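Visitor: Output the structure for:
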Amino acid sequence: MATTPLGIRPPAPKDEAASAPATKPVAIFKFGSVSAAVFADEVKTAKGTATVHNVSLRRSYQDAQKAWHSTHTLRPRDLLPASFALLKCYEFIAGASDDEEERA
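Guide: Numbers count the residues shown, from 1 in each chain. Okay, the predicted model is just below:
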């Protein structure tokens, strides 16, 4: 896939994104309208396989028709709840890393 001059990959085409299997988060932390989800992916390395964690942050809101939506844009009042959610993600990932090291 091509990259832009800044090295940023454009979004995947619809058919490419649809073919990828959906993964479920291994943990979700919610504070008010802000939630953070932790995803775990297995990747191959020179030493075998390793678990790589990724975090997705979003804010939920209702529109005028009371339909629920989500966005990645935060308002100033969302920043503290977002920091709490991200801290919990960090603690979860650090704990998962510790568990893997103990098993090795």
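Visitor: Regarding this protein, what is its longest strand?
Guide: In terms of residue count, the longest strand belonging to the chain (DSSP state E) is strand 48-62.
Visitor: Now the next helix or strand after that one: average pLDDT?
Guide: Of the helices and strands lying after strand 48-62 in sequence (DSSP states H and E), the nearest is strand 68-71. Mean per-residue pLDDT for strand 68-71: 96.
Visitor: I'd like the distance from the next helix-or-strand element following strand 68-71 to the chain centre, please.
Guide: Later in the chain than strand 68-71, the nearest helix or strand by DSSP H and E is helix 79-103. Put simply, helix 79-103 sits 12 Å off its chain's centre (C-alpha atoms, centre = their mean, to the nearest Å).
Visitor: ok, back up a step: report the inter-axis angle for the longest strand of the chain versus helix 79-103.
Guide: Using axes from the mean of the first three to the mean of the last three C-alpha atoms, to 10 degrees, the direction of strand 48-62 lies 160 degrees away from that of helix 79-103.
Visitor: ok, now which ones touch His72?
Guide: Contacts for His72 were tallied using C-beta atoms under 8 Å, 6 or more residues apart in numbering; they are 57-59. In short, each C-beta sits where N, CA and C put it, glycine included.
Visitor: can you do 6 Å?
Guide: Contacts of His72 were listed using C-beta atoms under 6 Å, 6 or more residues apart in numbering, and they are Arg58.
Visitor: change the start of the numbering to 18 and stick with it
Guide: That works, and once the first residue is 18, the last one we named lands at His89.
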